[in-house]
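> Just to be clear, the model below is a prediction. Sequence and coordinates:
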Number of protein chains: 2
Amino acid sequence: MTAASRGRRKGSPDTKAAILDAARTLFAENGFSGTSVRAVAGAAGVDPALVHHYFGSKDDLFVAALSLPVDPRAVFEVIATQGLDGAGERLLRGFLSVWDDPSIQPSMIGFARGLLDPSASELVKNGFLEVVIKPLGTALGIDDPGRRMPLVASQMIGIVMFRYLVRVEPLVSMSADEVVAVYAPTIQRYLTGDLS
Amino acid sequence: MTAASRGRRKGSPDTKAAILDAARTLFAENGFSGTSVRAVAGAAGVDPALVHHYFGSKDDLFVAALSLPVDPRAVFEVIATQGLDGAGERLLRGFLSVWDDPSIQPSMIGFARGLLDPSASELVKNGFLEVVIKPLGTALGIDDPGRRMPLVASQMIGIVMFRYLVRVEPLVSMSADEVVAVYAPTIQRYLTGDLS
């Protein structure tokens, strides 16, 4: 490989990788709100317009930097268009369709372990919750998504921990229908129920 | 300090510390069910009777090895003696009385971080759930504590994560009453409700 072909050029895979590397570093260090597209572009040595060209909005760049096997916003979009009735069950079924898929599960586990690392707490708080979780509440049209969606996440994280990471029974052996039977009423109440 | 005073003697603090060190190592490596009092005694170079003398049962030794600032079984005992009615609320209030106490919270956070470490999953599964969490369900007299108590724990772990470790709003700023209002119905349903 020549020096020229290793260099960062417009449109090269190297440039995209450099932008994602810079984004991962800055989002992890400064959180989502503390990171600008301009700062990512600067760290990657490219023009901000190129970042937008490749990755779209800052939200899109954040999700790309998470390197998830599935864009959770695509799963959530389907859930949101069908209204509030039964949203808890649809949320769980969408979640299980990703997590229980053996071809996707290993990378989801890697992703979840990363989010649980103490050093990733800014990414969870100012990134994942803001960019991925709360917009689902907004799209569903629930009351006060900034309050209710973290409650939803506080239950989902326990399912992730016990069903996929620590692997605690009965969580591991429960069928998707059983998970829905146990947890959908909880999620639905956090989304739309009386919490006072 | 002379060599003799550093040696392990019956009744010395060194002996207790050596037993706890051995217990921590073996429980972490082999889980609760895979560790015998005899093996701990052997690793510490003492007689098994001495382990029982200092620490009581294997369950007691396990809880001592966790180095918790409070024995959770003492908190749970109070909850269990008051019956199933309102047990979800009492469980949450007992939990918050420990976790929200600023003199206890730092060591609880250290403990929780330890349990969340991937290498601790045996301790969580075969130790903490079996020795600490499930017996509360048995003492309460709930139906199928082996199934229901992990569901309870799957929600409690999300509260620990968001209120104390990652510190996500609104969890951090919620009063104890607000936490109870949101979560007690969930916990009560996992303890006694219809989950099918």
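Now that the structure is in, tell me what you want to look at.
> Okay, now the unreliable bits of chain A?
Applying pLDDT under 70 to chain A flags residues A:1-11.
> repeat that for 50
Low-confidence segments of chain A, defined by pLDDT under 50: A:1-9.
> how is it carved up into domains?
Segmentation of chain A into domains, based on automatic domain parsing, reads A:3-66, A:72-192.
> Disregarding residues adjacent in the polypeptide, which is nearest to residue A:65?
Setting aside the residues directly before and after it, residue A:65 is nearest to residue A:23 in space (C-beta to C-beta, 6 or more residues apart in numbering or on different chains), at 4.1 Å. For the C-beta atoms, the positions are set from N, CA and C on the backbone; glycine is no exception.
> Chain B versus that neighbour, what's the distance?
Using C-beta to the nearest C-beta, to the nearest Å, we find residue A:23 at a distance of 21 Å from chain B.
> Residue A:196 sits in which helix or strand?
Using DSSP states H and E, residue A:196 maps to neither a helix nor a strand.
> separation between the nearest residue to it once chain neighbours are set aside and residue A:151?
Excluding its sequence neighbours, the residue lying closest to residue A:196 (C-beta to C-beta, 6+ apart) is residue B:181, at 5.7 Å. Residue B:181 sits 11 Å away from residue A:151, going by C-beta to C-beta, to the nearest Å.
> cool, and residue A:100?
Applying C-beta to C-beta, the value for residue A:100 to residue A:151 is 23 Å.
> same question, residue A:101
As for residue A:101, its distance to residue A:151 is 26 Å (criterion: C-beta to C-beta).
> quick one, which of these two is more surrounded?
Between residue A:101 and residue A:151, counting by other C-beta atoms under 10 Å in any protein chain shown, residue A:151 is the more crowded of the two (25 against 12).
> does that one sit in a helix, a strand or a coil?
helix (DSSP: H, G, I helix; E, B strand; the rest coil).
> distance of it from residue B:112?
In terms of C-beta to C-beta, residue A:151 sits 19 Å off from residue B:112.
> Repeat that for residue A:38.
In terms of C-beta to C-beta, residue A:38 sits 38 Å off from residue B:112.
> Neighbour count: those two, which is higher?
Comparing residue A:38 with residue B:112 by neighbour count (other C-beta under 10 Å), the higher total belongs to residue B:112, at 15 against 11.
> Tell me, how many residues neighbour the residue nearest to that one when sequence neighbours are not counted?
In this structure, residue B:112 finds its nearest non-sequential neighbour in residue B:160, 5.3 Å apart by C-beta to C-beta, 6+ apart. Neighbourhood size, residue B:160 [other C-beta under 10 Å]: 25.
> who's in contact with the helix or strand harbouring residue A:121?
Assigned by DSSP H and E, residue A:121 falls within helix A:121-122. Residues from elsewhere that reach helix A:121-122 (C-beta atoms under 8 Å, 6 or more residues apart in numbering or on different chains): A:27-32, A:34, B:165-167.
> do the same with stretch A:52-69
The contact list for stretch A:52-69 (C-beta under 8 Å, 6+ apart) reads A:15-16, A:19-20, A:23-24, A:27, A:32, A:35-37, A:40, A:51, A:71-73, A:98, A:104, A:107-108, A:111, A:127-128, A:131-132.
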